[in-house]
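# The sequence and its predicted three-dimensional model are supplied below.
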Amino acid sequence: MDLSILWYLVPAALMFACGVYGFITRKNLIAILISLELMLNAADLNFVVFNRYLFPGQMEGMVFTLFAIAIAAAETALAIAIIINIYRAMGNIDIREITKMKF
Amino acid sequence: MGVTLPILILALPITMFLVLGLGGVKMPRKMAGVLGILGMGTTAVISYWVAFTYFFSGEAAYIVDGVRQQVQMFDVTWLAFTQSLVVKIGFLLDPISAMMLVVITTISFMVHLYSWGYMEHEPGFQRYYAFLSLFSFSMLGLVVATNIFQMYIFWELVGVSSYLLIGFFYKLPSAVSASKKAFIVTRFADLGFLIGILILSFYTDTFNFIDMTNNPQGVLASTGGATFMGASVLTWAMVLIFTGGMGKSAMMPLHIWLPDAMEGPTPVSALIHAATMVVAGVYLVARMFPVYLVVETSLVFVSVIGAITAFYAAVVACTQIDIKRVLAFSTISQIAFMMTSLGVAWPELHDGLGYMASMFHLFTHAMFKALLFLGAGALIHAVHSNNYTAMGGLRKYMPITHWTFLIGCLAIAGIWPFSGFFSKDEMLAAMFAQHWFWGAWMTMVAGLTAFYMFRLYYLIFWWEENPHYKEHKPHDAPWQMSVPLIFLAAVSCVAGFIPFGEFVTWNRAPYHIHIELPVAATSLTVAVLAIVLATVMYAKKNPIPTRLKDMMPGLWMAAHRRFYWDEIYMFVTHKIIFNGICRGIAWFDRHVIDATMDGFAKVAQKTSYAIRGLQSGNIQLYVLWYFAGAVLLAAITWICLL
């Protein structure tokens, strides 16, 4: 298996760009959360790939990724809890409607 | 005598101050009064014992071959900044400090007792006693100081106590401004004092009085002949130190605070502004006297200031309506007498008689002036007014006050055999010995003294009975007030016979007082003539004083307004200093310093208003900006790396 590192990095970059695009354009909080996860996973992918290609004898990048996945899970749970609460309070989860904290 | 008694003399009053000051509010009035009186009484007894032991025990520590010694009972290091800059607190026993111990504790005890009656119904009675104790402590600490820095510390402490007591009726605006005036004027003078101390100790490398006064030639030599603006540095130092004394002792032109200080309770005026604190300046010059002797210019300065002030204050006293103001100006005049006497006390003339006479007069003056003030207090207590216009014909109603006041007047006028005669005679003799001009000038002032005191006496007790007495009959004061009056009157009768020269002289060797007949006869004649004149003018209601006043309205008005010194000060401070100098400084502060700060604030405010639209609350926009920024930074980095 002699795949170039680019085969991994380019999809990761695309994934990250999709995440950014989704985060900026989507109006639904759940969709924004999903975009966020996309960005996070793109970063995780980079960690793993760089670890594998640049420091093959070591494990730090892998372990870090495992941590990041665990934290992302917790964070998602938290975000969903917040979204549910916002829904209860406001009646919808459209980001344009949630402007109570505005200056 | 060990150190216990000297320590107790200082410790008792300060303890009383702390006890009454901290616990006073919880105490019934009577208890606070009794505590204060007992504390001061004990201090007085101890001081008498210490003075008695010093003067009469004949121990070798205190007297050697007839010359009294200066003894440091203790002298502990309080602050050690460097090897030579060490501030010590100690207890110096020598003739003048022992005499002052007696004077201060006697008057203070009498005033404590008197105040019990006088202040009975005033709110803040406990606070009043606390302040009296603080004052007594400070004054005692001042006179027993072993070094000039300790003296300076206690000097400021008496200033504070004076401030607190003048402003005791703090609800009266006049009392508040009087206390501020007193504090600021004396503080201003003390600046000179401090500079003088610094110059002196810079050259001599010591603060200690004994080191300086026992070797005045050494002090002079240590300055190495340095001069400043035509006068030697030592002259400057001594004149500056004397400036402090001028402030405290109300010499011209720093006298303006003393008449206003009469806003304080009358017993306070008796204690602080007649008998003890205001003579601190005289005491200071007496303490440093040997050093003054080696720079005669400063001594001449002292006597000139004294002579001018004595005359000025005596003239002003002739035209005041407020009886306390008359006494205040009389105090200024008498202190100036002592100053002049010190100034002419050159050892080659009459064995430095002026020094002894000055201290003698300090002693007798303290007694009869306190008596007069306490008498004035009794009068004010009876008629509820400070002005003689509310009095007149009081001799039938207040016999005790009348007789004691008369004794006080006779004493200050210098009538034999009352105490003032003896001390004034010695002073005049010393002045005649210096130059006939001093003697003649001061004899005239003595005549004026007799005149204005008897003018006051007649206007209060004779003249014409005030019609108000029918509604409100004045009567003598309660026993707490009468006892001090009688005691002080008795002292004023006999104090003149004390052989003062045996105890206090400039070189601490005994000096045998003898009355110089020509001088005594002259001054006595002048005084009697002045009294006769006052009798003619004021004993019965008659139009002479008014006619005289109408003859020279300008002079009368000028004297009545104290020759416009207050107006001059107002002009200088308000018109020149406030308007001329302070206004520029205020402008700079407002338009340069404040404006800079305001400019910063304005820029920050403008900027934040301009960019506040970015804070839209739209999180996606934030992310967009953030992302754009990150890309931009990445691009820049990229370009730079390439």
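Thanks, I have the structure now. Residues are numbered from 1 along each chain as shown, chains lettered A, B, ... in the order given.
# on contacts alone, who are the packing partners of the helix or strand containing residue B:630?
For residue B:630, the host element (DSSP states H and E) is helix B:619-641. Other elements packing on helix B:619-641 under the criterion 3 or more Cβ pairs under 8 Å, 6 or more residues apart in numbering or on different chains; DSSP states H and E are helix A:6-25. (Glycine included, C-beta is placed from N, CA and C.)
# what about the following helix or strand past the helix it packs on, distance to the chain center?
Following helix A:6-25 in sequence order, the next helix or strand is helix A:29-54 (DSSP H and E). Chain-centre distance of helix A:29-54: 5 Å, with Cα atoms, centre = their mean, to the nearest Å.
# quick one: buried residues of helix A:29-54?
Neighbour counts over helix A:29-54 (16 or more other Cβ atoms under 10 Å in any protein chain shown) mark A:29, A:32-33, A:35-49, A:51 as buried.
# Report the inter-axis angle for it versus helix B:619-641.
Orientation check (axes from the mean of the first three to the mean of the last three Cα atoms, to 10 degrees): helix A:29-54 against helix B:619-641 gives 30 degrees.
# about what we covered before: from the middle of its chain, how far away would the helix holding residue B:630 be?
Counting by Cα atoms, centre = their mean, helix B:619-641 comes out at 78 Å from the chain centroid.
# Dump the C-alpha coordinates for it into PDB.
The C-alpha trace of helix B:619-641 is given here as PDB (Å, rounded to 0.1, in the frame of the first residue of the first chain):
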ATOM      1  CA  ILE B 619     -22.900  33.600  15.300                       C
ATOM      2  CA  GLN B 620     -22.500  32.400  11.700                       C
ATOM      3  CA  LEU B 621     -21.300  35.800  10.700                       C
ATOM      4  CA  TYR B 622     -18.800  35.700  13.500                       C
ATOM      5  CA  VAL B 623     -17.500  32.400  12.200                       C
ATOM      6  CA  LEU B 624     -17.300  33.800   8.700                       C
ATOM      7  CA  TRP B 625     -15.200  36.700   9.900                       C
ATOM      8  CA  TYR B 626     -13.100  34.400  11.900                       C
ATOM      9  CA  PHE B 627     -12.600  32.000   9.000                       C
ATOM     10  CA  ALA B 628     -11.800  34.900   6.700                       C
ATOM     11  CA  GLY B 629      -9.300  36.200   9.200                       C
ATOM     12  CA  ALA B 630      -7.700  32.800   9.600                       C
ATOM     13  CA  VAL B 631      -7.400  32.400   5.800                       C
ATOM     14  CA  LEU B 632      -6.000  35.800   5.500                       C
ATOM     15  CA  LEU B 633      -3.400  35.100   8.200                       C
ATOM     16  CA  ALA B 634      -2.600  31.800   6.500                       C
ATOM     17  CA  ALA B 635      -2.200  33.600   3.200                       C
ATOM     18  CA  ILE B 636       0.100  36.200   4.700                       C
ATOM     19  CA  THR B 637       2.200  33.500   6.400                       C
ATOM     20  CA  TRP B 638       2.400  31.700   3.100                       C
ATOM     21  CA  ILE B 639       3.500  34.700   1.200                       C
ATOM     22  CA  CYS B 640       6.100  35.600   3.800                       C
ATOM     23  CA  LEU B 641       7.500  32.000   3.800                       C
END
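# rewinding a little: tell me, which of the buried residues of helix A:29-54 make contact with chain B?
residue A:32 (Cβ under 8 Å from any Cβ of the partner chain).
# Which positions within the longest helix seen in chain A qualify as buried?
Counting residues, the longest helix in chain A under DSSP state H turns out to be helix A:60-90. Across helix A:60-90, burial judged by 16+ other Cβ under 10 Å covers A:61, A:65, A:68, A:72, A:79, A:83, A:86.
# Counting neighbours, what do you get for residue 28?
Reading this off chain A. If you count neighbours by other Cβ atoms under 10 Å in any protein chain shown, residue A:28 ends up with 13.
# To clarify, I was referring to chain B.
Neighbour tally, residue B:28, other Cβ under 10 Å: 10.
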